[in-house]
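S.K.: What follows is a predicted structure for the sequence shown.
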Amino acid sequence: MKVGIASDHHGVAVKQILTKYLIDKGYNVTDYGTNSTNNIDYPDYAFKVGESIRDNKIDCGILICNTGIGMSIAANKVKGVRCARVTSQYDAKMTKRDNNANLISLSSRMNIEKIKRILDVFFETKYLNIDRYNRRLEKISNYER
């Protein structure tokens with residue numbers, strides 16, 4: 001699986017830890033930045049990952065910022081992206097299972113072990129692919145056009 005990852009300046013250290021964790025688990029990880037703790041504009045990095053999902057360069061992605069909120073808002077502006085701010089394993093499971101999310105956004109303030117468990121659940125969960133969920137996702141896709 002090809003995974004994109006990006007952070008703002010608040011999430012650089014967490015991104016580095018998660019990149020190693022995912023590579024060790026066998027994922028093909030592309031780091032879209034930033035690699036600096038200097039203040040940056042998070043939408044630039046959220047758009048990079050979102051566009052890579054849209055363009056089928058990666059299968060899914062992870063965004064990390066101070067709260068996870070800003071990155072999620074920005075990423076969802078990219079056509080075809082379904083990004084959820086996730087704070088628990090339950091959120092990770094439900095956003096993938098019911099909404100076929102292809103991107104999650106996380107807070108850099110969360111415990112790193114909690115984040116690892118969230119990622120494990122997100123990557124292990126399969127979309128249910130049932131009529132009512134497909135219908136809902138189709139409505140979202142049609143609205144984007």
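M.R.: Perfect, I can see it now. Residues are numbered from 1 along each chain as shown.

S.K.: Please tell me how far residue 54 sits from residue 27.
M.R.: 20 Å (CB to CB, to the nearest Å). All C-beta spots, glycine's among them, are computed from the backbone N, C-alpha and C.

S.K.: who's more crowded, the two?
M.R.: Regarding residue 54 and residue 27, a neighbour count based on other CB atoms under 10 Å identifies residue 27 as having more, with 18 against 15.

S.K.: Chain neighbours aside, what residue packs nearest to the more buried one?
M.R.: residue 3 (4.9 Å; CB to CB, 6 or more residues apart in numbering).

S.K.: State the pLDDT value of the residue located most distally from the centre of the chain.
M.R.: No residue in the chain sits farther from the centre than residue 131, which is 24.6 Å out by CA atoms, centre = their mean. Note on residue 131: pLDDT of 97.

S.K.: what are the phi and psi angles of it?
M.R.: Torsion angles at residue 131 (phi, psi; degrees, to the nearest 10) stand at phi -50, psi -50.

S.K.: Then the one 4 residues further on?
M.R.: Torsion angles at residue 135 (phi, psi; degrees, to the nearest 10) stand at phi -60, psi -40.

S.K.: quick one: the residue farthest from the centre of the chain from residue 15, how far?
M.R.: Counting by CB to CB - residue 131 and residue 15 are separated by 37 Å.

S.K.: Then residue 113?
M.R.: From residue 113 to residue 15 the distance is 16 Å (CB to CB).

S.K.: Those two - which one has more neighbours?
M.R.: A direct count of neighbours by other CB under 10 Å for residue 113 and residue 15 places residue 15 higher, at 26 against 8.

S.K.: which ones are touching residue 66?
M.R.: If you count contacts by CB atoms under 8 Å, 6 or more residues apart in numbering, residue 66 has them with 8, 10-11, 107-109.

S.K.: for these, which one is nearest residue 41?
M.R.: residue 8 (8.0 Å; CB to CB).

S.K.: Kindly confirm whether my reading is correct that the closest one touches residue 44.
M.R.: No. Between residue 8 and residue 44 there is no contact under CB atoms under 8 Å: 9.1 Å.
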